[in-house]
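> fold the following, please.
(chains A, B, C and D)
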2 protein chains.
Amino acid sequence: MARRSDRPTLRTIAEMTGLAVTTVSRALLDAPQIAFETRQRVQRVAREIGYQPDRAARHLRTGRTNVISFVLDPHDELLGFSTSMISGLARALRDTQYHLVITPHFAEVPSIDPIQYILRNRMADGVVFSRTEPKDPRVKLLMENDFPFVSHGRTDLGVEHAFVDYDNAAFARMAVERLVSKGRRRLALILPPDRFMFRRHLRDGFQEAVERAGVASELPGDINLDSNAADLYAWLTWRLRQPDPPDGMVCAGEVSALSIMAALSDQGLTVGRDFDLVVKQTSLLYDEVRPRIDAVYEDIAEAGENLGRLLIRRIAGERPGALQLLQEPIPRFADLGHGTRAAIGTHQTA
Amino acid sequence: MARRSDRPTLRTIAEMTGLAVTTVSRALLDAPQIAFETRQRVQRVAREIGYQPDRAARHLRTGRTNVISFVLDPHDELLGFSTSMISGLARALRDTQYHLVITPHFAEVPSIDPIQYILRNRMADGVVFSRTEPKDPRVKLLMENDFPFVSHGRTDLGVEHAFVDYDNAAFARMAVERLVSKGRRRLALILPPDRFMFRRHLRDGFQEAVERAGVASELPGDINLDSNAADLYAWLTWRLRQPDPPDGMVCAGEVSALSIMAALSDQGLTVGRDFDLVVKQTSLLYDEVRPRIDAVYEDIAEAGENLGRLLIRRIAGERPGALQLLQEPIPRFADLGHGTRAAIGTHQTA
DNA sequence: CTATCTATTTATAACGTTATAAATCCCATA
DNA sequence: TATGGGATTTATAACGTTATAAATAGATAG
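Modelled structure (predicted):
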């Protein structure tokens, strides 16, 4: 490891140029009151010797960490959700002063813990997190502490805060309309667990659309997107044998969609002929799945990029109310021509 | 956000107790030369007012960040590999002075970038990363800078460095022996891409075991674990129609295993009757897969925990040569009774 | 009662940076 | 030749911590 004295500091540059440390600092910060020529010279020398400002000293002096933290939820890690999110965040932070640092969160502790950790230890200047709840305690805590954040998802707290959300209600409406247009008349909806805010949006959009279309609908009681794959499979297998089984389904999770397709296939039903399914898709991996299913795409990387951009503006002091974004659903319906080959999941033998 | 003055510092405690700042610092650090009674009093006051040492000031003064960084590889994110790893690392760091911070790495940049980033910006006191290569440039760079690290995987650089690795050769031997004991006589092996070190271990173990057992073997040329799922499916479908198709297979990735099973099923082959498959498994998700397949488990969380522990000892100055660990494979063969129900993947209708 | 030692506490300085206020320089103006 | 003023540079202090050296108090020995 480079010995302490090896690392160039402002003082090194000051000695090399014969200027005062203060002048060097200001020259590098593009502060006013520095002669153009001086600035040039200082910046050139800094570049030549590979000067890198000391984060700790900066942090100590300015109170700013220049770090933005993303809370990594282990539930989100399947199928590259987090990868896309991180990739989008990094894109937003590129060419800014901010570093991206990821704070892990563990399923066994309350969701507020990583936030408290960030606040207590001054790990960052702002934070991004996912999976909001209607009365999200993280949002409460952060607002109390006047700490900048942008949540991925809305809340029902009656306070204005910065967020980026996907228009799940629009997704559900779009899905229902698609199924109805394909002649389906009894639709089921698989929802995320109770505690999440986006469950409401999905349900509201779904209800609204089925009522408008005048078709029958149902919501399984105990089965949700976080259920064990086996439970979902078992439930649907059972349900398909009951009277008036659904002939169309909306599902907001792609892993669950695989279980649904497995159950359908095992019951002798062919998707696209006896049954239709619209899935919310966040990865491109499942473009490979056969039979081809209707999907509505949610661009997580774009969400990440927007979250990053808004957070920077929030840290700069903009009003939270002005930093709210709703992402539009993008249909990738099967007949629009996506995907190419069968690979994962249930295959048709011809 | 707590105003600067709100936050208690050593000075706050010094004023409250009437002691000097230095004394307070030493009392909290459990340094020698402090009266027992003084130490008690200081620590009690610190606890009462919720004193939290300022990381930046500490870092500036001591040169230590008290941070350990894990480089998050997007390739590893599928199926909870990273979650398990992070969870194990966090377990190792609990009740130590160290914070865990995750540094993202992106597929489009060289693997050395995040390491360089950590070094340049003094992001951590030590680093853990995965997917080593025989001549891994990260290992070289870190050794040159005498920067503490433990790699997940070995290298072929001829230098002693700290690592935790899974005994992939033993896994491959175990898999071959299992297949042979089930009567298989023509075995194929699906390997990771060329550049990874563990490809060699897998191949060596496989070769050794097939030679000892005297059975036929083959390795597909262009197909590997990072191949597109569709390519693997297509290759195997083609291969099964050629002369002398394999009747047993070893696969070191669970996602690929699904494609293999899909291809087998689509060719009318039943795993367990016409064909056998041994998979290296790192998640428990696929306990649900049917037909039941033979798996050998790799405990990633345990690897993470060991990586964390060894890294702390490395930072404390222990010789790298003394910090090397090989993890033993754990068989989870189907007849040992794991898993319960069909759910994801290819299902048998009867 | 003074000198010496030990136990404990404290003053000082420094890590590298930047905010503030003060100083210097150069030139134009009176 | 002063004088004012804008442009530029610099000295000083501070962020919160800890390493080092110095100081103090109390106890023991001579």
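> which strands and helices sit next to the one helix or strand residue A:41 maps to?
Using DSSP states H and E, residue A:41 sits within helix A:36-48. Other helices and strands packing on helix A:36-48, by 3 or more CB pairs under 8 Å, 6 or more residues apart in numbering or on different chains; DSSP states H and E, are helix A:10-17, helix A:21-28. C-betas here are computed from N, CA, C, even on glycine.
> which stretch among the ones you listed comes nearest DNA strand D?
helix A:21-28 (3.6 Å; CB to the nearest atom of the strand).
> just the C-alphas of the helix or strand bottoming out on mean pLDDT in chain A, formatted as PDB.
When each helix and strand of chain A is scored by mean pLDDT, DSSP states H and E, helix A:254-266 comes last, with a mean of 83. The C-alpha trace of helix A:254-266 is given here as PDB (Å, rounded to 0.1, in the frame of the first residue of the first chain):
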ATOM      1  CA  GLU A 254     -41.700 -13.100 -13.800                       C
ATOM      2  CA  VAL A 255     -40.500 -15.900 -11.500                       C
ATOM      3  CA  SER A 256     -44.100 -16.500 -10.500                       C
ATOM      4  CA  ALA A 257     -45.100 -16.500 -14.100                       C
ATOM      5  CA  LEU A 258     -42.900 -19.500 -14.700                       C
ATOM      6  CA  SER A 259     -44.800 -21.400 -12.000                       C
ATOM      7  CA  ILE A 260     -48.100 -20.400 -13.600                       C
ATOM      8  CA  MET A 261     -47.000 -21.600 -16.900                       C
ATOM      9  CA  ALA A 262     -45.800 -24.900 -15.400                       C
ATOM     10  CA  ALA A 263     -49.200 -25.400 -13.800                       C
ATOM     11  CA  LEU A 264     -51.000 -24.600 -17.000                       C
ATOM     12  CA  SER A 265     -48.900 -26.900 -19.000                       C
ATOM     13  CA  ASP A 266     -49.300 -29.700 -16.600                       C
END
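> buried ones in that helix, by neighbour count?
Neighbour counts over helix A:254-266 (16 or more other CB atoms under 10 Å in any protein chain shown) mark A:254-266 as buried.
> same check, this time on stretch A:278-285
A:278, A:279, A:280, A:281, A:282, A:283, A:285.
> and these, which is closest to DNA strand C?
residue A:282 (39.1 Å).
> ok, the closest one - contacts?
A:79, A:80, A:81, A:84, A:254, A:297, A:298, A:300 (CB atoms under 8 Å, 6 or more residues apart in numbering or on different chains).
> could you pull out the helices for the stretch 151-300 of chain A?
A:168-181, A:197-213, A:229-241, A:254-266, A:300-315 (DSSP state H, counting those that start in this stretch).
> now, which of the contacts of residue A:282 lie close to DNA strand C?
By CB under 7 Å from any atom of the strand, no member of those lies near DNA strand C.
> re the thing from before, now the helices of the stretch 151-300 of chain A in CSV, with distance to residue A:324?
Putting the helices of the stretch 151-300 of chain A into CSV (distance: least, CB to CB, whole Å) gives the following:
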stretch, distance to residue A:324
helix A:168-181, 15
helix A:197-213, 14
helix A:229-241, 33
helix A:254-266, 27
helix A:300-315, 8
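> can you tell which of the ones you listed is closest to chain B?
helix A:229-241 (4.0 Å; CB to the nearest CB).
> rounded mean pLDDT for that closest one, please.
Across helix A:229-241, pLDDT averages out at 89.
> now find how far off-centre that helix is within its chain.
29 Å (CA atoms, centre = their mean, to the nearest Å).
> same question, stretch A:55-64
The chain centroid and the centroid of stretch A:55-64 are separated by 29 Å, computed with CA atoms, centre = their mean.
> put the alpha carbons of that stretch into CSV.
This file holds the C-alpha atoms of stretch A:55-64, laid out as CSV (Å, rounded to 0.1, in the frame of the first residue of the first chain):
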residue,chain,number,x,y,z
ARG,A,55,-12.3,11.9,0.7
ALA,A,56,-12.0,11.8,4.5
ALA,A,57,-10.5,15.3,4.8
ARG,A,58,-13.1,16.7,2.5
HIS,A,59,-15.9,15.0,4.4
LEU,A,60,-14.6,16.2,7.7
ARG,A,61,-14.2,19.8,6.5
THR,A,62,-17.4,20.1,4.4
GLY,A,63,-19.7,17.7,6.1
ARG,A,64,-20.5,16.1,2.8
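> that one and chain B in contact?
Yes - counting by CB under 8 Å from any CB of the partner chain, chain B has neighbours in stretch A:55-64: A:55, A:56, A:57, A:59, A:60, A:63.
> other residues contacting that stretch?
Contacts of stretch A:55-64 (CB under 8 Å, 6+ apart): A:65-66, A:122, A:125, B:4, B:54-57, B:59-60, B:65, B:121-123.
> kindly report the same for stretch A:97-109.
A:66-75, A:86, A:89-90, A:93, A:111, A:113-114, A:117-118, A:123-125, A:127, A:308, A:312, B:72, B:86-87, B:90, B:100-104, B:121, B:123.
> list the ones among the residues of stretch A:55-64 next to chain B that fall in helices.
Among these, the members found in helices (DSSP state H) are A:55, A:56, A:57, A:59, A:60.
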